[in-house]
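Novice: I'll drop the sequence and a predicted model, then ask my questions.
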Amino acid sequence: MSKAPLQGKPPIPTSNYVSHYDPAKSHHRAWLQAVLDLLVQHEPQALAEGSELRNLWKAAVETKAPAAAVLRHPNPLVGVPRFSQRDSAQLAQRDRTCFSSSCAMLLETIKPGTLQGANGDDQYLAVVQRFGDTTDASAQLRALAHYGVTARLVQNADFQLIEQQINRGIPVPCGYIHRGPVDRPTGSGHWLIVYGHTPTHVVVNDPWGEPDLISGTTLNANGMGLRFSRLNFGKRWMVEPIGGGAYRYAPGRGWSIVVDRLS
C-alpha cells in the first residue's frame, strides 16, 4: 500500500490498527469505516485483493469469529471493478452498453476471475448478445444465469434494498434518468452499479463517467468510486414517467437488478 499522504493528510496507519481490530468496540468499527471511506475515494487500489489492508482485514475477520462475521462485507464493498463502456470493442455499441457494463461489474464482484482484464465487460456483452440486445433486461438476466447467477429486475427498489444487498456482499446495478434537470429528468436512462452507502450518500461506479446530478450533464470520463447524494440520485433513480419523455420523483419506484442466488 502506498504511504503517500491522501489529499494533504498523513498516511493512514493501517498496520498498527488492523492487527488489534476488535469489532465489539464501537471506536474500532468507526476507525475501519473511516479508513474504507477515505480509501475508496482516494486510493481504491489499496483495497484490492492481495493488498496489505485487504490481507490484514481478512485475517482479522477470520480469527475473530463469530463477532466479526457481521462485518465480513465492508461498506463500501471492496473488489468491485470499474468497466468503462467507452472502450467497448464494438464501437457502434459503446453508447448503448451501460447496462451490460454495470452487470459485468456485478458478475466480476460476486464471481471474481470470471471476466478477464480491464475489458472484461466485452466478454460479458458477447454473452448478452446471444440472448438479445444490450438494453434488454431479459437478455441481461439470461446472461447472468449463464454464469450461474439467478437475478431479477425490480421496479420498486429503494435505498433499503440497496443496503440489504450490500450487507450480503452484492453490489446493485441501478437504472436512472441521467439527463435533464434533477427535478424533471428526461431521456432514455442509464445504468451504473452501487456498492456502498452512508446515511446521506451512495458509492457508485458509472461506466460512462462522472455525471452532474443537478444539471444532467457529464463532467468527465472518471466513473470510479463516485459519491452521489441520496437526495439527488433518488430523484433520478426512483421516478415515474409523466409524458413527453420527462419523469418525476416517485419514492420506492427504482429500477435495479437484484441477485437472489449464486451457483
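Specialist: Noted; the coordinates are in hand.
Novice: dump the residue contacts of the closest residue to V128 other than its chain neighbours.
Specialist: Nearest-residue entry for V128: A143, 4.3 Å, with adjacent residues in sequence omitted and distances by CB to CB, 6 or more residues apart in numbering. Yep, even glycine has a C-beta here, placed from its N, CA and C like the rest. Contacts for A143 (CB atoms under 8 Å, 6 or more residues apart in numbering) come out as 100, 103, 124, 127-128, 130-131.
Novice: and these, which are buried?
Specialist: For the contacts of A143, a burial check counting by 16 or more other CB atoms under 10 Å picks out 100, 103, 124, 127-128.
Novice: re earlier: possible to save the contacts of A143 as TSV with pLDDT?
Specialist: Formatted as TSV, the contacts of A143 follow (pLDDT from 0 to 100):
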residue	pLDDT
S100	98
C103	98
Y124	98
V127	98
V128	98
R130	98
F131	98
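Novice: the residues you listed in strands, which ones?
Specialist: Counted as lying in strands by DSSP state E, out of the contacts of A143, is not a single one.
Novice: ok, which pair from these is furthest apart?
Specialist: Comparing all pairs in the contacts of A143 by CB to CB, the longest separation belongs to C103 and R130, at 14.1 Å.
Novice: tally up the residues packed near S84, please.
Specialist: Here the count is done by other CB atoms under 10 Å, and S84 has 21 residues near it.
Novice: just M238 next, same as before
Specialist: Residues lying near M238 (other CB under 10 Å) number 22.
Novice: could you list the low-pLDDT ranges of the stretch 1-150 of the chain?
Specialist: Residues of the stretch 1-150 of the chain meeting the criterion pLDDT under 70: 1-30, 32-72.
Novice: switch the cut-off to 50
Specialist: Scanning the stretch 1-150 of the chain for pLDDT under 50 picks out 1-6, 61-71.
Novice: now do the strands in it.
Specialist: 149-157 (DSSP state E, counting those that start in this stretch).
Novice: which residues does D206 contact?
Specialist: D206 neighbours (CB under 8 Å, 6+ apart): 190, 192, 223, 226.
Novice: element containing the third one?
Specialist: Counting by DSSP states H and E, no helix or strand carries G223.
Novice: can you give the contact residues for the strand or helix carrying Q165?
Specialist: Using DSSP H and E, the element containing Q165 is helix 159-167. Residues outside helix 159-167 that contact it (CB under 8 Å, 6+ apart): 73, 75-77, 154, 171-172, 174, 194-197, 202, 230, 234, 254, 256, 258-259.
Novice: cool, thanks, talk later.
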